[in-house]
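**Student:** quick one: sequence plus predicted model below, questions after.
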Amino acid sequence: MKRFHVHVAVNELAESIRFYSAVFGAEPSVLKDDYAKWMLDDPRINFAISKRGHAAGVNHLGFQVEGNDELHEMHTRLEVADAAPVEQNGQACCYAKSDKYWVTDPQGIAWETFHTLENIPVFGEDTKVKLTATACCVPRAPVTRKATQDPAPCCVPTRTDQAASGSS
């Protein structure tokens, strides 16, 4: 069964944890210095917040699936939607290692579909594309740059980015 996922960037983590704990009637199931996550069954949601140098607001939306079959089913749906999914396997991000697909919707909102493989002790960073020090989990394939230049800033992949990176 799928679980809806919302990741919100916040300015003040402690204040936001107090607020969302009251709204959800539960304490976070994961709590770190820069991150908190609630795994709720009513509503069935994986709601995460982080303070990692991004503008406050919705960072990305998505679906957490329970296994490879559901992940492949969602991949097919993303292709039918003509969303050009960017695949990542074994990615360390948000204190978890996951297989995932990234797309953007027609408004440019990042959507992550993922299957969590295991929890890890660090926030992690995208290993497919080296990101800046304030990297988020939403990867971007490098735009045309010389090898000596800094990597592309963190943002969601686009069809042009995907073609340039050779991702499938």
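**Tutor:** It's in. This is a predicted model, so every value here is computed, not measured.
**Student:** ok, what's across the strand from the closest residue to Phe24 other than its chain neighbours?
**Tutor:** Once flanking residues are discounted, Phe24 sits nearest to Trp38: 5.4 Å by C-beta to C-beta, 6 or more residues apart in numbering. Just so you know, the C-beta spots here come from the backbone N, C-alpha and C atoms, and that holds for glycine as well. On the basis of DSSP bridges, Trp38 is bridged to Phe47.
**Student:** am I right that Trp38 is in contact with Ser29?
**Tutor:** Yes - assessed by C-beta atoms under 8 Å, Trp38 is found in contact with Ser29 at 6.1 Å.
**Student:** so who does Leu31 touch?
**Tutor:** Going by C-beta atoms under 8 Å, 6 or more residues apart in numbering, Leu31 touches Ile17.
**Student:** where does it land in three-state SS?
**Tutor:** With DSSP: H, G, I helix; E, B strand; the rest coil as the basis, Leu31 sits in strand.
**Student:** partners of it in the sheet?
**Tutor:** Beta bridges link Leu31 to Ala36, judged by DSSP bridges.
**Student:** on that earlier part again, when Trp38 and Ser29 are compared, which one has more neighbours?
**Tutor:** Trp38 (21 against 12; other C-beta atoms under 10 Å).
**Student:** and the gap between that one and Glu15?
**Tutor:** To Glu15, Trp38 is 16 Å away according to C-beta to C-beta, to the nearest Å.
**Student:** isn't Trp102 right next to Ala84, touching?
**Tutor:** No - counting by C-beta under 8 Å, Trp102 does not reach Ala84; the two are 9.7 Å apart.
**Student:** higher neighbour count, those two?
**Tutor:** Under the criterion of other C-beta under 10 Å, the comparison of Trp102 against Ala84 puts Trp102 first, with 28 against 19.
**Student:** quick one: mean pLDDT over the one helix or strand Leu61 maps to.
**Tutor:** Here Leu61 sits within strand 57-65, counting by DSSP states H and E. Looking at strand 57-65 alone, the average pLDDT works out to 92.
**Student:** please enumerate the strands of the chain.
**Tutor:** Counting by DSSP state E, one finds strands in the chain at the ranges 3-9, 30-32, 35-41, 44-50, 57-65, 86-93, 96-104, 110-119.
**Student:** can you list those in CSV and add distance to Leu71?
**Tutor:** Below are these laid out as CSV (distance: least, C-beta to C-beta, whole Å):
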stretch, distance to Leu71
strand 3-9, 13
strand 30-32, 21
strand 35-41, 18
strand 44-50, 15
strand 57-65, 5
strand 86-93, 10
strand 96-104, 6
strand 110-119, 5
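**Student:** of the ones you listed, which is nearest Leu78?
**Tutor:** In terms of C-beta to C-beta, the element of these nearest to Leu78 is strand 96-104, at 5.3 Å.
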